[in-house]
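Novice: Sequence first, then the predicted structure, then my questions.
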Amino acid sequence: MISVLPKKEIVPWRGPLKFLGSPIHRLLGGQQPAALKVGLLGAYIGRGMMLVMANFVIHNDWLKLLGAA
């Protein structure tokens, strides 16, 4: 999905977020590598949050009963 994005162009920020252009470009790179890095980071954070929520459900009997009902 990111193969159609340009590799070297800076990420276009709109409106009041334009000040993020230069620092984010130095940190993440062009549009294609930035999309890849942000997507991977989001996947890891999402998986971590799902593990925390699963742990919460496992340790609460009333949620297990509610799910069984």
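Specialist: Thanks, I have the structure now.
Novice: For the rest of this, base every contact and every neighbour count on C-alpha atoms.
Specialist: Fine.
Novice: Roughly how far does the residue nearest to the spatial centre of the chain sit from Met1?
Specialist: The centroid of the chain falls nearest to Gly42 when counting by Cα atoms, centre = their mean (2.1 Å). Distance of Gly42 to Met1, computed by Cα to Cα, to the nearest Å: 16 Å.
Novice: Same question for Pro23.
Specialist: The value you get for Pro23 to Met1, if Cα to Cα is used, is 25 Å.
Novice: Can you tell me the number of residues neighbouring Ala35?
Specialist: 17 (other Cα atoms under 10 Å).
Novice: Need the contact partners of stretch 30-49.
Specialist: Outside stretch 30-49, the residues within contact range by Cα atoms under 8 Å, 6 or more residues apart in numbering are Ile2, Ser3, Leu5, Pro6, Lys7, Lys8, Glu9, Ile10, Val11, Leu28.
Novice: Let me know the helix or strand that the residue nearest to the first one when sequence neighbours are not counted is in.
Specialist: I take that to be Ile2. Nearest non-adjacent residue to Ile2, counting by Cα to Cα, 6 or more residues apart in numbering: Gln32, 5.7 Å away. Using DSSP states H and E, Gln32 maps to helix 31-58.
Novice: how far is the next helix or strand after that helix from where the chain is centred?
Specialist: Where DSSP H and E defines the elements, the next helix or strand beyond helix 31-58 is helix 61-68. The gap between where helix 61-68 is centred and where its chain is centred comes out at 30 Å by Cα atoms, centre = their mean, to the nearest Å.
Novice: The closest residue to Lys8 other than its chain neighbours: how many residues sit nearby?
Specialist: Computed as Cα to Cα, 6+ apart, the closest residue to Lys8 that is not its neighbour in sequence is Gly30, at 4.5 Å. Using other Cα under 10 Å, Gly30 has 18 other residues around it.
Novice: re the thing from before, and the helix holding Gln32 with helix 61-68, angle?
Specialist: On the basis of axes from the mean of the first three to the mean of the last three Cα atoms, to 10 degrees, helix 31-58 is oriented at 100 degrees to helix 61-68.
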